[in-house]
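what's the 3D shape of this:
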Amino acid sequence: MSKVVNATVVVDGDIDAALKKLRKKIEKEGLIKEIKKAMYYEKPTQRRRKKLLKARKKLRKLQEKMRRMMEMY
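Okay, here's the model as predicted:
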């Protein structure tokens, strides 16, 4: 899976700022995440397990937030 990204950054003397802008553009495109994912093979069962654990964590966080809100009232 390859992705072409065109990112133009104008350098106005401050190279660090230009690099920061470029990094943000690349990150926004999801390119870094894709590269990290392609660095090693992940079994489909591992992928599903990660997804399930992430969903559980998100649900637990939401439940905790709702519980705190209910305690306030």
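
need the longest helix for this structure.
Identified as the longest helix of the chain according to DSSP state H is helix 44-72.

report the distance from it to the chain centre.
17 Å (CA atoms, centre = their mean, to the nearest Å).

give me the number of residues near E64?
A total of 10 residues lie near E64 under the criterion other CB atoms under 10 Å. The C-beta positions use only the backbone N, C-alpha and C, and glycine is treated the same way.

my bad, should have said I15
For I15, the count of nearby residues is 9 (other CB under 10 Å).

and what of R23?
For R23, the count of nearby residues is 13 (other CB under 10 Å).

in whatever helix or strand it lives in, what's buried?
Here R23 sits within helix 15-29, counting by DSSP states H and E. By 16 or more other CB atoms under 10 Å, the buried positions in helix 15-29 come out as K21.

contacting residues around K57?
The contact partners of K57, taken as CB atoms under 8 Å, 6 or more residues apart in numbering, number zero.
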